[in-house]
Structures are given as structure tokens and as C-alpha cells.
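Student: Here is a sequence with its predicted model. Questions after.
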Amino acid sequence: MEKHEFSIHPIELVDIYPKKLFIDAIKPPSRKTGVKPTDLLTQVGWSDFDEKEQSLMVSVSLTTKKEGRKKLPYEMEVVLVGLFVIDTEKFRKEDIPDWARRASLFVLMPYVREYVYWLTYRCNFKPLVLPLVQVPTIQYVDMTAVDSPTKAKKKKPSVSKRKTPTKKS
């Protein structure tokens with residue numbers, strides 16, 4: 001087993017609560033009836049950074065799509081709110097809105113996934129398991145070898161290479 005040391009991120013989720021858990025059965029509930037993840041719409045919103053409390057509120061909403069779709073067996077809305085505390089000595093204030101827009105969803109999504117599963121299961125529909133989502137990766141750019149910003153060369157992040165045991169015949 002490998003040992004790992006983790007450092008604490010300067011943005012930490014300290015509280016989370018469901019603001020809205022709603023489901024309205026349009027068809028009689030059945031474990032054979034459900035919706036697909038493609039029938040859902042996800043939205044993220046956030047507050048202004050609270051200087052006094054050094055905190056940020058982020059809201060994630062997941063709803064069934066209504067326009068242009070087939071008649072779904074239920075309408076659903078799940079809204080979760082997360083409270084994040086930010087260490088501004090380690091994370092720049094001007095980067096907070098960008099973090100909220102790009103990363104907060106990925107922190108809150110496991111909680112949304114659990115509530116969606118629980119709500120659909122408890123209402124006797126086919127339990128809805130939300131798929132994993134692709135997290136955007138960081139691209140490293142070597143700015144020392146650039147004569148203009150549009151000609152930046154992308155570098156692969158350095159990754160430690162582990163030796164794979166080989167079979168002996």
C-alpha cells in the first residue's frame with residue numbers, strides 16, 4: 001500500500017444543506033420507470049465573497065428538463081447549498097469567482113448525486129444514479145519559449161512514473 005500525504009486546500013467546504021428536495025409524480029411510481037441523466041439540467045450560482053466571514057455560498061440546482069422533451073414520469077428539483085471558507089492568505093480574492101464558476105460544482109456533485117438517488121428511490125421510481133463527470137484539467141504552458149501569447153507551447157504536467165512489476169518466464 002502506498003503512503004500519501006495530503007495538504008489542505010485553501011478553500012474548504014464547511015457546511016452543506018438541501019434547500020429544496022422536490023419530486024412530483026406525473027405517472028404512477030414504479031421501480032421500472034425513471035429518467036435518464038440527459039433529461040436533467042444542472043445550474044450553479046454563488047454569492048459574493050463575504051470579507052468578514054471569509055466565506056462563499058454556492059448553490060447547485062438539478063432539475064428535470066421541461067421544454068422539447070418527451071413526457072417524463074416525474075418532475076424533480078434538487079437544490080443544495082454549500083458554505084465554503086477561504087484562506088485568502090493562500091488563495092487570491094480575485095480568483096474566487098473563477099473558482100466558483102469552474103470548480104465548486106465538482107466539490108458539491110457527490111452530495112447532489114446522493115440526494116437525487118435517495119429522492120427517486122424513496123418515491124418508488126427507478127433510482128437515478130448520476131454519472132461521473134469529466135473534471136477539466138489544467139494545461140501547463142511554457143511561457144519562457146514564447147515570443148507571442150498565441151504561440152505558447154503546451155507542456156504535459158510532470159507525472160511520477162512508477163515501475164510496473166514484470167513477469168518472469
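Tutor: Looks like it came in fine.

Student: What pairs with the biggest strand by length in the chain, parallel or antiparallel?
Tutor: Ranked by residue count under DSSP state E, the longest strand found in the chain is strand 11-25. Strand partners for strand 11-25, identified by DSSP bridges, are recorded as strand 74-86 (antiparallel).

Student: Give the buried residues for the helix or strand following the partner strand.
Tutor: Using DSSP states H and E, the next helix or strand after strand 74-86 towards the C-terminus is helix 96-102. Neighbour-count burial for helix 96-102, counted by 16 or more other C-beta atoms under 10 Å, picks out 96, 99-100. Where C-beta positions appear, they are placed from N, C-alpha and C, glycine not excepted.

Student: still on that earlier bit, show me what the helix or strand just after the longest strand of the chain is in contact with.
Tutor: Under the assignment DSSP H and E, the closest C-terminal helix or strand after strand 11-25 is strand 40-46. With C-beta atoms under 8 Å, 6 or more residues apart in numbering as the contact definition, strand 40-46 has outside contacts at 56-65, 97, 100-101, 104-105, 112, 130.

Student: Kindly export strand 40-46 (C-alpha atoms) in PDB.
Tutor: Coordinates of each C-alpha in strand 40-46 appear next as PDB, following Å, rounded to 0.1, in the frame of the first residue of the first chain:
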ATOM      1  CA  LEU A  40     -31.600  16.800 -16.400                       C
ATOM      2  CA  LEU A  41     -30.400  20.400 -16.300                       C
ATOM      3  CA  THR A  42     -27.700  21.400 -13.800                       C
ATOM      4  CA  GLN A  43     -27.000  25.000 -12.800                       C
ATOM      5  CA  VAL A  44     -24.600  26.600 -10.400                       C
ATOM      6  CA  GLY A  45     -24.800  30.000  -8.600                       C
ATOM      7  CA  TRP A  46     -22.700  31.700  -5.900                       C
END
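
Student: Please tell me how far Y115 sits from D50.
Tutor: Remark: distance between Y115 and D50 (C-beta to C-beta, to the nearest Å) = 25 Å.

Student: okay, those two: which has more neighbours?
Tutor: Taking neighbours as other C-beta atoms under 10 Å, Y115 and D50 compare with Y115 leading, 16 against 13.

Student: So which of the contacts of strand 40-46 sit within helices?
Tutor: 97, 100-101, 104-105, 112 (DSSP state H).
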